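Peer 1: based on what follows, work out the 3D shape:
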Amino acid sequence: MKPGGNLYGGFLFRVFQSKSNNSYFEVSAKGVTRYGLGTEVFLNFLTILPPLEEQTTIAHFLDHKTAQIDAAIDKHRQLIELLQEHRAALINEAVTRGINPDAPMKDSGIEWIGEVPAHWDRVALKRAVITKITDGPHETPEFLDQGIPFISAEGVREGRVDFNYKRGHISPEVHEIYSKKCKPQKGDVFIVKSGSTTGKVAYVDTDIEFNIWSPIALVRPKEEFDGKYLFYFCGSKCFQKQIQLFWSFGTQPNIGMKVLENLYIAVPTVNEQQQIVDYIEAETARIDEEITLARQEIALLEEYRQSLIAEAVTGKIDVRDYPLT
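Peer 2: The predicted structure follows:
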C-alpha cells in the first residue's frame, strides 16, 4: 500500500498491528487448502483517521514505546536462554560425572561422554532395555473424532507426552493391532527418531491408554535401570551429540533403529541413579520456576504492547500526555 497525502504510513502500520484489526482480517480470510485476503477486504477496511499531524505523533510515540517494551522482552528471552543452557549443563554433568565431587574418575572411552566415575559402566542402549527398542506403525491409520489417543513427534514436548498435541484418535481395534508391536506404558522413555525434532525425549508418566506412530522409538528400561535416569541421560548433551553424529539426512534428520540401540550410556549403580534423579529434579525445579516467571513477564509485556497500540490508534489515550522517556 502506498499511503495518500492525508495518511502517514507509520500510523497505518500500527493500525494493522492492533488486535481488533488483526481479528477482522482473520475473520475475512477465505480459502480451502490455504487462506488468503482479497483486495476488496482492504478496500472496504474501516478505521479511525485522526489528522495527519496527530497520526505522525501517535506513530512516533508507539515506535519509542514498543522499542522499550521489545528491549525488555529480549532481556527476558536472553535470561530464559541462559537458564535453559544452565539446566542442560547441570543434567549433563550429573549423568556423566555423578554428584560426588570426590569420586575417582576414569576415561569412559567415548569422546563425547568424557570421564566418568571409576566404578561406573558403559553400555550400549540396547543393553539397558527389557524389550527390543521398537517404534510405532509405518502406516497412516484412519483418524477418528474419539477413541485411543495417537501420538507422533509433535506430542513429545517439555520431556513429557502432551496429549494436547496428539495426531488424532484411532479405534480400539486398530490400537489392539498396533499394540502387538508397540504398546506404551508408564515408565517408558520415548526418543523422536525422525523429523525436525529428532533426538527429543519424553518420559511416560501416565497410565492413559494410547499408542504411537513410527517417528517415535520406545525404550523400556530393565529393572536395574531407573527409567527417569535413562530419560535424563538420553536428553543430555553427550547422548544428543551421539544422535547428531550418527543421524542421516534426507529432507529431515533421521536416526535408524540399529544406530540408536548402539549408542552409549554411562551407568552408575541403581542407588546412584535414583540419587542423581532426585538431585536433578530438585535443582531443575528451581530453574524451571525462574523460566516460568520470565515467560509470564514476557506474556504480560506482549499483552501491554498490544493494548498500548490499540488504545493509541483509536484515540483512547492522548499520547501527548506520555513523555518519551
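Peer 1: what's stretch 227-241 in contact with?
Peer 2: 88-89, 91-92, 94-96, 110, 112-114, 125, 128, 159, 187-189, 191, 199-203, 219, 221, 263, 265-266, 268, 273-274, 276-277, 280-281 (Cβ atoms under 8 Å, 6 or more residues apart in numbering). For every residue, glycine as well, the C-beta is placed using N, CA and C.
Peer 1: just the buried ones from those?
Peer 2: 88, 91-92, 94-96, 110, 113, 125, 128, 159, 188-189, 191, 199-203, 219, 221, 263, 265-266, 268, 273, 276-277, 280 (16 or more other Cβ atoms under 10 Å).
Peer 1: of those, which belong to helices?
Peer 2: Secondary structure assignment (DSSP state H) places 88, 91-92, 94-96, 273, 276-277, 280 from those within helices.
Peer 1: farthest pair in the residues you listed?
Peer 2: The span of these, defined through Cβ to Cβ, is set by A88 and Q273 at 19.1 Å.
Peer 1: report the contact partners of G36.
Peer 2: For G36, the contacting residues are 29-30, taking Cβ under 8 Å, 6+ apart as the criterion.
Peer 1: now it: phi and psi?
Peer 2: Taking degrees, to the nearest 10, you get phi -150, psi 170 for the backbone angles of G36.
Peer 1: how near is the closest residue to N6 other than its chain neighbours to D102?
Peer 2: Closest residue to N6 in three dimensions, ignoring its sequence neighbours and counting by Cβ to Cβ, 6 or more residues apart in numbering: L52, at 5.7 Å. Using Cβ to Cβ, to the nearest Å, one obtains 74 Å as the distance from L52 to D102.
Peer 1: equivalent analysis for V123, please.
Peer 2: 25 Å.
Peer 1: so which residues of the stretch 201-325 of the chain form strands?
Peer 2: Secondary structure of the stretch 201-325 of the chain (DSSP state E, counting those that start in this stretch): strands at 201-203, 211-212, 216-219, 248-249, 253-254, 264-267.
Peer 1: dump the last one to CSV, restricted to CA.
Peer 2: It refers to strand 264-267. The C-alpha atoms that make up strand 264-267 are tabulated as CSV, following Å, rounded to 0.1, in the frame of the first residue of the first chain:
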residue,chain,number,x,y,z
TYR,A,264,26.3,-45.5,24.5
ILE,A,265,25.1,-44.6,28.0
ALA,A,266,27.0,-44.2,31.3
VAL,A,267,25.7,-46.5,34.0
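Peer 1: tell me what it is packed against?
Peer 2: Other helices and strands packing on strand 264-267, by 3 or more Cβ pairs under 8 Å, 6 or more residues apart in numbering; DSSP states H and E, are strand 121-124, helix 227-234, helix 237-246.
Peer 1: in the longest one, what's buried?
Peer 2: Buried positions in helix 237-246, judged by neighbour count with 16+ other Cβ under 10 Å: 237-243.
Peer 1: tilt between it and helix 227-234?
Peer 2: Angle, helix 237-246 to helix 227-234, by axes from the mean of the first three to the mean of the last three Cα atoms, to 10 degrees: 50 degrees.
Peer 1: now do helix 237-246: distance to the chain's middle.
Peer 2: 19 Å (Cα atoms, centre = their mean, to the nearest Å).
Peer 1: change the start of the numbering to 566 and stick with it
Peer 2: Understood, numbering begins at 566; the last thing we discussed is helix 802-811.
Peer 1: CA atoms only for that helix, dumped as PDB, please.
Peer 2: What follows is helix 802-811, C-alpha atoms only, in PDB (Å, rounded to 0.1, in the frame of the first residue of the first chain):
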ATOM      1  CA  LYS A 802      24.200 -33.200  25.700                       C
ATOM      2  CA  CYS A 803      26.500 -36.200  25.500                       C
ATOM      3  CA  PHE A 804      23.700 -38.500  24.200                       C
ATOM      4  CA  GLN A 805      22.300 -35.900  21.900                       C
ATOM      5  CA  LYS A 806      25.800 -35.400  20.400                       C
ATOM      6  CA  GLN A 807      25.900 -39.100  19.500                       C
ATOM      7  CA  ILE A 808      22.500 -38.800  17.800                       C
ATOM      8  CA  GLN A 809      23.700 -35.800  15.800                       C
ATOM      9  CA  LEU A 810      26.900 -37.500  14.800                       C
ATOM     10  CA  PHE A 811      25.200 -40.600  13.500                       C
END
